[in-house]
Structure formats: structure tokens, C-alpha cells
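Peer 1: Would you be able to build a 3D model of this:
(one chain, ligands or ions: 2)
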Amino acid sequence: MPETASTTRATDALLPSLTPLLHEWLPRQRWFAGKGRRVTGFALDTATELLPLDGAGPGLLHLLVRVEQPSRPSGTPADCYQILLGVRSQLPPRLAPALIGRVRQGPLAGRAVYEGLRDPRLAGLLYERLRTPGRIGTLRFHATTALPGALSPRVLDAEQSNSSLVYGDSYILKIFRRVSPGANPDLELPLALGRAGCARVPAPVAWFESGAATLGVLQPYLRDSRDGWRLALDALASGQDFTRQALALGRATAEVHLALAEALPTERLRRSDTEHLASAMDRRLHTAAQAVPALLPYVPGLRAVFAAASGAAGAGTVQRIHGDLHLGQTLRGADGAWAVIDFEGEPAKPLDERRRPQPTVRDVAGMLRSFDYAARTHRPWNADWAARCRAAYCTGYAQVSGTDPRADPALLRAYETDKAVYEVVYEARHRPDWLPVPMSAIERLAASVP
Ligand SMILES: Nc1ncnc2c1ncn2[C@@H]1O[C@H](COP(=O)(O)OP(=O)(O)O)[C@@H](O)[C@H]1O
Ligand SMILES: O=P(O)(O)O[C@H]1O[C@H](CO)[C@@H](O[C@H]2O[C@H](CO)[C@@H](O)[C@H](O)[C@H]2O)[C@H](O)[C@H]1O
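Peer 2: Ligands and ions are numbered 1, 2, ... in the order given. Reported below is the predicted structural model:
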């Protein structure tokens, strides 16, 4: 795909005309991370015409846009979002729900601007670009294998931090929404695991990037699978045991950890490092309590949990981990085998922090929290169900890794607490109705160290 002068047009004239539409639309998106902070403007990093805007048919405009929000924590750079805009003179009725607005002025005056990914023709074009690696404007497309043509696209309507398209039930393309310079772990880790022959993770077959930022990853779509969260809720609703699945999930997690430790560098963990980990948890708690004052009464108890872990582990290693492991990040195939997806880490954390080696117990703690979440969202609350799943998961993990996460209870509890604090902030921001779920864990954990 040759780079042509027409693929990236002078952008100065475009942004002012799109600004009123973005102002209205962007903060309402599920994946917009700056909710609750006033947006004062936008700055364009790149604009690329993936399909010309002045042709007879629809145009496709790829944007990387910086969002100006003066109330951001000081010293943090403005968030940059990936946006794909369809542009048409007439919007067919079937695309009406995708309309963002009509442009009032500038080079696109009078045209309808809409969510490009919702237009099968434009989503198909993106897949074609991935099939034929090369450059267009600042965008670079890569593929590891020959991909079949003409697969019909559909948008996945999941509650997501990003956006995904499924092509012909064969591949799934994840479009990262908030992008930062540096390899996204959701490309880096599955690629490394694929090369290491780990069958637990669908290996990327194509991706695209701009500068140092990963923008999207195409992977095989596991069509007959169901995610662990749905399966757990179904089991709870029908009073079924879930320990067999939890044990298998523990084994799968350990397999992924072992493969990551083989494929990527590991480091020794010293006593002083665990002190450092505990003080980092303290700092995160402090920031979280400022954002969600409901945490304030529990701060002394939670700090005691972190203090108990400080210096607890004398030895051990840190390595690359999943970073945001929960039941919704697991898929169980028709054959009963578990796969793990979404290695992006916690979306709110800076990329370099998410790419740092960490104790594997952090992922284990994430999954333990998830069993608690499932049991808490079910009525009546079934504490035994969660306790049995948590024990089975740790047993499965120990069977494969040779290390039982319960062997260092202070460290495991500290990571579980750290995760619950993260969840409080996540829920307050994205799903306030769910706040009582992590708050119940906060209450329990804050009282756990005498
Ligand atoms: N390889 C896959 N096969 C089948 N479904 C998938 C696959 N990858 C993701 N999904 C589905 O897409 C949803 C969102 O994917 P995920 O990577 O978790 O995105 P996000 O980072 O936006 O949360 C998942 O919950 C899962 O249902
Ligand atoms: O899947 P994402 O990468 O978008 O992760 C974020 O959203 C998750 C919710 O969708 C959130 O997970 C929390 O809720 C889950 C139930 O919906 C539960 O299973 C998890 O244990 C709980 O943490 C995740 O924390 C957040 O980063």
C-alpha cells in the first residue's frame, strides 16, 4: 500500500469544524476515560483519510485526538483517543443510529459524520488494510499470515473499555480507544505467548500502529466460547457447583504465567522490593480516597493490610503478568478449555506502569476478587460459593505452577485489597450502582488485620 500525499491532508481546517460534534459525542462514550472532568478543547495528533473524503462514496477519516481537560492531575499528559469517522452527504436510514452530527462549516460543511466502525463498508475496508500490510499516512499495518478476504463485519456490543469488530465469526479486531506511545501489552504479550507456543491465548494475526502506539489487534475469534463471568453467574443462578471450572481456570492461569516467564524477562524480588510494593499500594489508596471519599473511614484498616505485607516475601520473582485478570477476561470453549484474553492491564494506569514485571499473585488476587464479585451480584449473596471457587482456583494454580498463592497470605491479601481499592474507583467512575460490591470487600479487608 503506497503512501500518497493525498492520504494525510492538511488538518488545521478539519478540526475546528469537527470540534462541536466531538464535544457533544466523545464524553458520552463508554470508553471515554476522562468522565467527570470538563473538556475545554481538542488537539489533533494525526488525521488520515483511509477512504478519500471528497470521493463519490463514503469517506473514512482516522483521527488521533488529544482531549484538553485542565482539571487533570498535574503533570499527566492529555489523553489521546483513536476515532474513526465515516463521512457521507446522505446517511442511509440503517446508519442513522451511528450519526454523530452534521458539520456546519469548513471543508466538510453539510456532510453527515458518523461512527465509521458501524458502517460495514468502512469496517470491511479496515480489514482489507490489515490483509495488505503497508503504510497509509502515519498508519502502519502488519500481518503474520495470509488472511481470507471478504468477511462480513459486525460491531461487538459489549460493555468495553475499547471497541471490537468481529469478521465472519473468524477474527476479532480490537480498536484501542485511549492510546499512548509504546507497545500495548495486549499485542506484546499474546504475540510473545503465541511464539512460545502457549495455546491458552489467541495469538494476534495482524495489527496496526502509528508512531510508537499500537492502535488495533486482530486475533482468531473463539466463536463457540462463553466468558467466565456469564458462566459463573449462570452457575450461581441455577445453584450449580463451579469449583471444577475454577480449578481449571487456576491451572490455565498458571500455564500462562509459566509461558510468560519463559518468553519474557523476569527479575528477582528482594525484601526491599516488597516494602516498595506496599508503599505503592498506600499511595494508590491515598489517591483513591481523594477521588471516592466513601473509602476514607477504612483507610487506617487498609493501610494495616499493606503494612502487614511489607517485607513479607523475602524471595521470589517478578515477571510480566496479565495485569487485570477477572472472570470476564476468560473464555471457555465448547471443549471445556479456558482461554485468557485482554492483556491490556488496568486501562486507567499509565502504559509504562502496566508493562512493568510484577508478582504473579497480583493476577491471582484479581481472579479471587472476581469470584467475590459474582457471588455479591447474585441474590441472595452466596459467600460459600465464592469461598469454594477461590480455594479451587488456588489449588489448580498450585498444581501447575508448584506454588500455592495462599502460602504467603499477607501478600495475597494486600493484592486483593489493592484490587478492591482500584475497583471502588472504577465503579464510582463507570458504574456507580455497582459501588457496593467492592465496598463490601473493603469493609471486610479493612477489619482483617487486628
Ligand atoms: N478471541 C476472542 N474470541 C471470542 N470473543 C472474544 C475474543 N476476544 C474478545 N472477545 C469478546 O470481546 C469482549 C471484549 O474483549 P476485551 O479484550 O475484554 O475488550 P476490552 O479491553 O474493550 O474490555 C470479551 O468480553 C469477549 O466476550
Ligand atoms: O474488562 P476491562 O479491561 O474493561 O476491565 C474493567 O472493567 C471490568 C468490568 O467490566 C472491571 O471488572 C470488575 O467487574 C467485573 C464484573 O463485571 C468483575 O468480574 C471483576 O472482578 C471486577 O474487577 C475491571 O476491574 C476493569 O478494569
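
Peer 1: For whatever helix or strand residue 249 lives in, give the mean pLDDT please.
Peer 2: If you go by DSSP states H and E, residue 249 is part of helix 243-263. Helix 243-263 comes out with an average pLDDT of 97.

Peer 1: Then stretch 100-117?
Peer 2: The predicted model assigns stretch 100-117 a mean pLDDT of 94.

Peer 1: Could you export that stretch as CSV, CA atoms only?
Peer 2: Written as CSV, here are the backbone C-alpha positions of stretch 100-117 (Å, rounded to 0.1, in the frame of the first residue of the first chain):
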residue,chain,number,x,y,z
ILE,A,100,-22.6,11.9,15.4
GLY,A,101,-23.8,15.1,13.7
ARG,A,102,-23.8,17.3,10.6
VAL,A,103,-20.8,19.5,10.0
ARG,A,104,-21.8,23.2,9.9
GLN,A,105,-18.7,24.8,8.5
GLY,A,106,-15.3,24.2,6.9
PRO,A,107,-14.3,21.7,4.2
LEU,A,108,-16.9,19.1,5.3
ALA,A,109,-19.8,21.6,5.7
GLY,A,110,-23.2,19.9,5.2
ARG,A,111,-21.8,16.3,5.5
ALA,A,112,-23.0,13.8,8.0
VAL,A,113,-20.3,12.5,10.3
TYR,A,114,-20.9,9.1,12.0
GLU,A,115,-19.3,6.2,13.8
GLY,A,116,-17.3,4.7,11.0
LEU,A,117,-17.0,1.2,12.6
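
Peer 1: What are the buried residues along it?
Peer 2: Within stretch 100-117, the residues that count as buried by 16 or more other CB atoms under 10 Å are 100, 103, 108, 111, 112, 113, 114, 115, 116, 117. The C-beta positions use only the backbone N, C-alpha and C, and glycine is treated the same way.

Peer 1: Residues contacting the very next helix or strand once past the helix holding residue 249, please?
Peer 2: Past helix 243-263, further along toward the C-terminus, the next helix or strand under DSSP H and E is strand 267-268. Strand 267-268 is contacted from outside by 315, 316, 317, 318, 319, 357, using CB atoms under 8 Å, 6 or more residues apart in numbering.

Peer 1: Could you dump those residues into TSV with distance to ligand 1 and neighbour count added?
Peer 2: Output for the contacts of strand 267-268, formatted as TSV (distance: CB to the nearest ligand atom, whole Å; neighbours: other CB atoms under 10 Å):
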residue	distance to ligand 1	neighbour count
315	34	9
316	29	16
317	27	12
318	24	19
319	21	19
357	22	17
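
Peer 1: returning to what we had before: indicate whether the helix holding residue 249 makes contact with ligand 2.
Peer 2: No. If you take CB under 6 Å from any ligand atom as the test, helix 243-263 misses ligand 2, and the best it gets is 12.3 Å.

Peer 1: for that helix, packing partners?
Peer 2: In terms of contacts (3 or more CB pairs under 8 Å, 6 or more residues apart in numbering; DSSP states H and E), helix 243-263 is packed against helix 185-195, helix 228-237, strand 330-332, strand 338-340, helix 361-377, helix 383-401.

Peer 1: Go through those and pick out the most buried.
Peer 2: Among the helices and strands packed on helix 243-263, the stretch with the highest mean neighbour count (mean count of other CB atoms under 10 Å) is helix 361-377, at a mean of 24.

Peer 1: is it anywhere near ligand 1?
Peer 2: No. On the criterion CB under 6 Å from any ligand atom, helix 361-377 is out of touch with ligand 1, staying 12.9 Å away.

Peer 1: Can you name every helix or strand that that helix contacts?
Peer 2: Under the contact definition 3+ CB pairs under 8 Å, 6+ apart, helix 361-377 sits against helix 228-237, helix 243-263, helix 383-401, helix 409-430, helix 436-446.

Peer 1: Buried residues of the last one, list them for me.
Peer 2: This points to helix 436-446. 437, 438, 439, 441, 442, 445, 446.

Peer 1: Touching the helix or strand encompassing residue 214 from outside, list them.
Peer 2: Applying DSSP H and E as the criterion places residue 214 in strand 213-220. With CB under 8 Å, 6+ apart as the test, strand 213-220 has contacts from 64, 80, 82, 126-127, 130, 139, 143, 147, 167, 170-176, 179-184, 186-187, 190, 202-209, 341.

Peer 1: Please apply the same query to stretch 68-82.
Peer 2: By CB under 8 Å, 6+ apart, the residues outside stretch 68-82 that reach it are 26, 31-34, 37-43, 45, 62-67, 175-180, 213, 215-216.
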